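Undergrad: Kindly generate the corresponding structure for this input.
(one chain, ligands or ions: 1)
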Amino acid sequence: MEIDWSAIDKKWQKKWLENNDHEIDSNNKEKKFITVAYPYPNSPQHIGHGRTYTIADVHSRYLRMKGFNVLFPMGFHYTGTPILGMAKRVEANDAELIEGFKTLYKVPEDKIKEFVEPVKIADYFHEEIKSGMIEMGYSIDWRREFTTIDPAYQKFIEWQFRNLKEKNLIVQGSHPVGWCPKDQNPVSQHDTLGDVEPDFTEYIVIKFDLNGVKIPVATLRPETLFGVTNIWINPQVMYQKIKVNDEIWITSPECARKLEFLEKKIEVIEDILGSDFVGQSVKAPHSSDSVLILPASFVKSDNGTGIVMSVPAHAPFDYQALLDSKSGKNKSINNDLLKNIQNIEPISMINTEGLGNIPAKDIVEKMGISHQDDPKLEEATKEIYSKEFYDGILANNTKQFAGKKISEAKDEIKEWVTKIGSADILLELTNSPVKCRCGTECVVKILSNQWFLDYSNKDWKQKAHSCFEGMNILPNEIRSEFDKVLDWLRERACARQHGLGTKVPWDKEWLVESLADSVIYMAFYIISKYVNKKEINGNDLTDEFFDYVFYGKKDSGEIANKINITKEKLEEIRNEFLYFYPVDSRHSGRDLVPNHLTFFVLNHVALFPEENWPQEIVVNGSVLMAGKKMSKSMGNIIPLRDAVRKHGADPIRLTILISAELLQDADFNVEAINGIKNKLESMYENSTKTKAEEIPELEPEDKWIFSMLQNLALNVSQSMDKIRLREALHHILYDFDSELQWYLKRTKSKQRTNISGILHKILSSRVLMLSPFAPHIAEEIWEKLGNSELASKSAWPSSIGIEIDSKSIQTETLLKSIIEDINNILKVTKISPKKITIYTAEQWKSKAYNSILKNVLDGQTNIGTIIKSLIANKETEQIKKDPDFVKKTLNDILSEPVELRKGRMNIGQIDEKQIISSELSSLVKNDYDVELSVFSESDSEKYDPKNKAKAARPFKPAILIE
Ligand SMILES: [Zn+2]
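TA: Just a heads-up that it's a prediction; the model follows:
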């Protein structure tokens, strides 16, 4: 039956709206507060965005049906620079961008003209995204909507910032940040192409001396200075002699540029080829000896200073390069120099248990490395580095540091070299190249006298760690990622020069950065309702107001007087905050783990008392388009609203959800949508056929199907509680179908006409379970089933009100397995049956069966032991005549699911002969159109021409087909 999806979508969306179903205020029910990362409106939503919101909506709808008062609100994040960049590109008539607006996003031309104003872009896509959310059927309370440039929100952010500053968590300082040299702005994940967070690391620069000119080398291992034997330079690279503040340095040009951003005054004096330095001697900071500058091809100009120190005992690269130099094959080494090189030996200066005296030599030989450009050297370096870092002890030739562990001495040595004036630092991007959205390659810059969130603060980190410990993280495997992020977080610039947003309250030249003003906004959803209803004026909001609403500070009457609302209204806002906070579940994509989600926790623990800390984070993966990553350049982005118009909201929702659990990538493809549509259409069709007739006295198959339905409800509820939505959907849509088919076959063969009420009850339960996932079609079917209340307002069918009947489960399993056996025999023998005879096992076998089953459940599966105990018992000693019986029965039992085994133990013996006679005859008649005869193995007058009866086992009767 074809469904008009669009008509059904509109019908039910209208009904929910008329009923104000998603407008949630505090009441006397238990609450749940579900939030999702709000969208940044610089483009319409595509299928990929739809995943997180759909998961959160399903979660909200499920919890509502479980009886909770669930608030699911939405806001829009205008803050930041990307919209600004887009407006500039529109102004410059950027053909690619404008073409994208026209063809991909279908923006009317007169609108595009307005896009020279950044806010117009945000406003346009804000409405576009909101319409898409309504069309997807998200149960959002739109009364609480806001944007981050609303005056009231800006007051809220000012309060947040003043509060953090008072707590010394926003500090002024000089710290490194990712930086776009073109925009002159710090960059974080949201500002870069491909959404990568610029990550950087600090190198120690040790300065060697060449007649007053500094030869700087960058290293992560300053402690190895004591093992230095020479310096490596790349003879092919054109280096620069530069003035760095008051010193003269030799570095690669790339390094000179990096230094400019690190608060140094750089002046280029001249270019000098690397080979010019080969053979010269430099003085090391730690001793009066000189070391040679030697040529090496593995030294790269874009790494560090482009010059490195050589520690051949502990650095595999250096060891190999030294071997290469000694070989005499290097043309840039003349004979005199070669003689001197022959005298260079590795200097061992770290003792590590499990490593030899010259560990670099050992590993180079072990890995079969033969030249300095061998990629295996990276791996060798890492291996030695980590062993020496954790277990290495500095040897006697390290002077005052001898006997110290590397992990402890590292910083001391760094301090010492700095103190004697021979060290500096160099910051390098570890994931370069990182490109700004404007296309410029980012650098690391030391931003001085700027405002930083002090995420390096140990107490703050500790508090956040303890919040995470008490939180539910779904899926739990992502938990360790949060711990790692917290540990590496450092000071983070929280102000920007350009963009939309709130001004830093004490320094109005600067704007609050977009990952700083989007971390506690969940609390603002409480206030925005009153602002939107005009019960408070956004411009009136003061710090006192927020302190009262969030902390209950001071007298409500006094504060109310000052800001033009009634005392009662102010108290109502405070009470609503107390009711809805904390956030019960925060949904987000995985890309926000290293920033937004972690900051969300950090800012909550800083600003709110423990009872208002977040309770749960749910993280999901992305959506692939027919197996491929979605991207503009691939041309495979499907705007969400287009997809809804074409396929209907519910098929889109289910297709996104059914292909993957939380962290996996979901796959969206046309076959999957069609499969879902067919399935929903067939459920819809069934709803027109069943009526809510009275349920008759239950027959065995009725008891069984209700038991299966109860099982389904339990399984689905368990999956829902863990947000295992793929699993839940499979249970609801597909797994139950085979049970239903068996039931229909049984009732048909018994020629029953009184099952409509039962089918109605089954479909009703399934539709209710489907309702959070596919809310529109579920309401439609629910209505067809004769209900006047909404499905979304009905109780979740955790229990169908009928107890699980173990005996009927055993009975139906037995009948199914006999039918299966008959079919198998017919398949093998290819005969058309004229008569079917079944033999059930005799009494002692049942006793033996129960005894074997008990052994299995107790964990005893040793045949010898079981046989002995059976023979020792008078009631089962007959197995002596039939020694194969134990082995076969044991296999029968072990091939059954554990639940079924337990059920068998609990109900004990069942009368197989009676059950088969009364329940199977009709099935056999129906399926094969022959008569069925049933005998017990022990019947004296049985028909048994082929002597089959003796093969019967409990739950595995013998079958004769003629
Ligand atoms: Zn830029």
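Undergrad: Show me which helix runs longest in the protein.
TA: In the chain, with assignment by DSSP state H, the single longest helix is helix 806-829.
Undergrad: CA atoms of the very next helix or strand once past it as CSV?
TA: The helix or strand immediately downstream of helix 806-829 is strand 835-840, counting by DSSP states H and E. The C-alpha trace of strand 835-840 is given here as CSV (Å, rounded to 0.1, in the frame of the first residue of the first chain):
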residue,chain,number,x,y,z
LYS,A,835,2.0,-40.9,6.0
ILE,A,836,4.0,-39.4,8.9
THR,A,837,4.6,-41.2,12.2
ILE,A,838,6.3,-39.7,15.2
TYR,A,839,7.7,-41.6,18.2
THR,A,840,8.4,-39.9,21.5
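Undergrad: For the longest helix of the chain, enumerate the helices and strands it packs against.
TA: Applying 3 or more C-beta pairs under 8 Å, 6 or more residues apart in numbering; DSSP states H and E, we find helix 806-829 packed against helix 700-721, helix 736-749, helix 898-907, helix 912-915, helix 921-928, strand 958-961. C-betas here are computed from N, CA, C, even on glycine.
Undergrad: Let me see the mean pLDDT of it.
TA: Average pLDDT, helix 806-829: 92.
Undergrad: between it and strand 835-840, how big is the angle?
TA: 130 degrees (axes from the mean of the first three to the mean of the last three C-alpha atoms, to 10 degrees).
Undergrad: Next, give phi and psi for the closest residue to the ion within the stretch 201-350 of the chain.
TA: Nearest to the ion, among the residues of the stretch 201-350 of the chain, is F261, at 13.9 Å (C-beta to the ion). Here is the backbone geometry of F261 (degrees, to the nearest 10): phi -90, psi 0.
Undergrad: Quick check: closest non-adjacent residue to it.
TA: Distances taken as C-beta to C-beta, 6 or more residues apart in numbering put K445 closest to F261, at 4.0 Å, once the chain neighbours are dropped.
Undergrad: Skip ahead from the helix or strand that contains the one you found and say which helix or strand is next.
TA: Element membership of K445, judged by DSSP H and E, is strand 443-453. Moving toward the C-terminus from strand 443-453, the next helix or strand (DSSP H and E) is helix 458-470.
Undergrad: what's that next one packed up against?
TA: Taking 3+ C-beta pairs under 8 Å, 6+ apart as the contact cut, helix 458-470 packs with helix 479-488, helix 598-607.
Undergrad: tell me the most buried of these?
TA: Among the helices and strands packed on helix 458-470, helix 598-607 has the highest mean neighbour count (mean count of other C-beta atoms under 10 Å), at a mean of 23.
Undergrad: Can you report how many residues neighbour S940?
TA: 6 (other C-beta atoms under 10 Å).
Undergrad: residue contacts, the residue of the stretch 201-350 of the chain closest to the ion?
TA: For F261, the contact set (C-beta atoms under 8 Å, 6 or more residues apart in numbering) comprises 179, 181, 443-446.
Undergrad: give me the residue from the stretch 751-900 of the chain nearest the ion.
TA: F773 (42.0 Å).
Undergrad: Which pLDDT value belongs to that residue?
TA: 98.
Undergrad: Wait, a helix at it?
TA: No: counting by DSSP: H, G, I helix; E, B strand; the rest coil, F773 falls outside a helix, being coil.
Undergrad: Surely it touches L729?
TA: Yes: counting by C-beta atoms under 8 Å, L729 is a contact partner of F773 at 6.1 Å.
Undergrad: list the residues that contact both of the two?
TA: 654, 657.
Undergrad: Up against the ion, what does this protein have?
TA: Residues of the chain lying near the ion by C-beta under 5 Å from the ion: 180, 182-183, 436, 438, 440.
Undergrad: In strands only, show me the residues you listed.
TA: Using DSSP state E, the members of these that fall within strands are C180.
Undergrad: how about the residues of the chain next to the ion in JSON lines, adding pLDDT and neighbour count?
TA: Putting the residues of the chain next to the ion into JSON lines (pLDDT from 0 to 100; neighbours: other C-beta atoms under 10 Å) gives the following:
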{"residue": "C180", "pLDDT": "91", "neighbour count": "24"}
{"residue": "K182", "pLDDT": "88", "neighbour count": "12"}
{"residue": "D183", "pLDDT": "84", "neighbour count": "21"}
{"residue": "C436", "pLDDT": "88", "neighbour count": "22"}
{"residue": "C438", "pLDDT": "81", "neighbour count": "17"}
{"residue": "T440", "pLDDT": "89", "neighbour count": "15"}
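Undergrad: Quick check: the residue of the stretch 101-250 of the chain nearest the ion.
TA: Closest point on the stretch 101-250 of the chain to the ion, by C-beta to the ion, is C180, at 3.3 Å.
Undergrad: For the nearest residue to G589 once chain neighbours are set aside, which residues are in contact?
TA: Leaving aside its sequence neighbours, G589 sits nearest to T52 (C-beta to C-beta, 6+ apart; 5.4 Å). Listed by C-beta under 8 Å, 6+ apart, the contact set of T52 reads 36-37, 587-589, 620.
Undergrad: rerun at 10 Å
TA: By C-beta atoms under 10 Å, 6 or more residues apart in numbering, T52 lies in contact with 36-37, 39, 587-590, 592, 618-623, 656.
Undergrad: Buried among those? Make that a ChimeraX selection.
TA: This is how ChimeraX selects the buried members of these, with burial counted by 16 or more other C-beta atoms under 10 Å:
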select :36,37,39,587,588,589,590,592,618,619,620,621,622,623,656
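Undergrad: List the ones among the contacts of T52 that fall in helices.
TA: Of those, the ones assigned to helices by DSSP H are I656.
Undergrad: wait, which of the contacts of T52 is closest to I8?
TA: Lowest distance from I8 to the contacts of T52 (C-beta to C-beta) belongs to I656, with 18.5 Å.
Undergrad: Identify the residues contacting the closest one.
TA: I656 neighbours (C-beta under 10 Å, 6+ apart): 47-48, 50-55, 136, 620, 623, 640, 643, 666-668, 672-673, 725.
Undergrad: could I have stretch 100-108 exported to CSV, CA atoms only?
TA: Taking C-alpha atoms only, stretch 100-108 is exported to CSV below (Å, rounded to 0.1, in the frame of the first residue of the first chain):
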residue,chain,number,x,y,z
GLY,A,100,26.8,26.8,-4.3
PHE,A,101,24.1,29.0,-2.7
LYS,A,102,22.1,28.9,-5.9
THR,A,103,22.3,25.3,-7.0
LEU,A,104,23.1,23.2,-3.9
TYR,A,105,21.3,25.3,-1.3
LYS,A,106,18.6,26.8,-3.6
VAL,A,107,18.9,30.3,-2.0
PRO,A,108,16.8,32.9,-3.9
